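J.: Sequence plus predicted model, see below.
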Amino acid sequence: MSYRDHQEAQKKLIQTKKEALEAKRERLHNPRPPSYDPPPAGSHPLVFAALLLLLVLPLLATFLLVPRLLVAQTPQGELTLWVCSSTPEFERIKSWLEPEILANDLNWTLTHTDSRDVLFTAVARNWVDLAIVEQELAAELYASLALAPLSDRMEGPTWENSFAPFWEPSPFRKTYGFAVPKTGRISQARHLVTIMSQFAQAFNP
């Protein structure tokens, strides 16, 4: 190799090293974002379905188990009077009802709920023979054609025939009263309504 060829080879080597050093510096100043492998196909829909199932299962269990628990509370063959109210209100209504039920040797079981939805479910499934509810809830039952007249002497399921308030409605005060579901044992329910109307003291909340 001549001296000139040796000089040219040295220049090329130096140039190559210089370019490699500049490329390294460029990578340090402007690093590329890391690349990741894409997730396996089909994993996202499965995760979404699992989360949805976890959210829906408690609601479904509540819907299925609550009615069964309610049925278990009432012995088969007994008449059921449902009261939809707060717990303190239920205790006062219970104290008013029980003396007349016992005095007349009637076979009624009192069931309490504070849930309007539970009461609607119970009415739809024929679990309620007589109900004590506030006027607004009675109006919803009446609008859904779920109530029978309170007496066999009354003609037609009019609103006045379907709800018997315990006192005159007044502002800022709940008005409770009797309502007879048409899916229950209507004649026995009317009998209790008559007894409470004629022989019991007026209910005083």
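T.: Arrived safely, thanks for sending.
J.: CA only for contacts and neighbour counts going forward, please
T.: Fine.
J.: burial measure for F90, as a count.
T.: When neighbours are counted by other C-alpha atoms under 10 Å, F90 registers 20.
J.: now do I195
T.: 13.
J.: so what pLDDT did it get?
T.: Predicted confidence (pLDDT) for I195: 94.
J.: which residues in the chain form strands?
T.: With strands called from DSSP state E, the chain shows them at 79-84, 108-113, 130-134, 147-148, 164-165, 176-181.
J.: Direction-wise, compare the last one with strand 130-134 and give the angle.
T.: If I follow you right, that is strand 176-181. Put simply, strand 176-181 runs at 140 degrees to strand 130-134, going by axes from the mean of the first three to the mean of the last three C-alpha atoms, to 10 degrees.
J.: got the contact list for strand 176-181?
T.: Residues outside strand 176-181 that contact it (C-alpha atoms under 8 Å, 6 or more residues apart in numbering): 123, 128-135, 138, 146-150, 162-167, 186, 189-190, 193.
J.: what about burial for these, which qualify?
T.: Burial by neighbour count, judged by 16 or more other C-alpha atoms under 10 Å, picks out 123, 128-135, 138, 146-150, 162-166, 186, 189-190, 193 from these.
J.: Extract the residue ranges of this protein that are flagged as low pLDDT.
T.: Counting by pLDDT under 70, the chain contains low-confidence residues at 1-7, 9-11, 13-14, 17, 31-48, 50, 56-77, 154-157, 205.
J.: mind listing the helices in the chain by residue range?
T.: Using DSSP state H, the helices assigned to the chain run over residues 3-29, 43-73, 87-103, 116-124, 135-143, 159-162, 186-198.
J.: what's in contact with the last one?
T.: By that I understand helix 186-198. Applying C-alpha under 8 Å, 6+ apart, the set of residues contacting helix 186-198 from outside is L97, E100, D129, L130, A148, L150, S151, D152, F178, V180.
J.: Okay, L81 and K12: tell me how far apart.
T.: 103 Å (C-alpha to C-alpha, to the nearest Å).
J.: between the two, which one's more packed in?
T.: Neighbour count, other C-alpha under 10 Å: between L81 and K12, L81 has more, with 21 against 11.
J.: who's that one bridged to?
T.: Counting by DSSP bridges, L81 is bridged to L110, L130.
J.: quick one, what contacts it?
T.: L81 neighbours (C-alpha under 8 Å, 6+ apart): W108, T109, L110, T111, V128, D129, L130, A131, I132.
J.: what's the neighbour count on the nearest residue to E134 once chain neighbours are set aside?
T.: Nearest residue to E134, sequence neighbours excluded (C-alpha to C-alpha, 6 or more residues apart in numbering): Y176, at 4.1 Å. Here the number of neighbours of Y176 (other C-alpha under 10 Å) works out to 27.
J.: Rebuild the strands of the chain as CSV, extending it with distance to E22.
T.: CSV is the format used below for those (distance: least, C-alpha to C-alpha, whole Å):
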stretch, distance to E22
strand 79-84, 82
strand 108-113, 80
strand 130-134, 85
strand 147-148, 89
strand 164-165, 93
strand 176-181, 88
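J.: Near L141, how many other residues are there?
T.: 20.
J.: ok, it touching L147?
T.: Yes - using C-alpha atoms under 8 Å, L141 is in contact with L147, at 6.4 Å.
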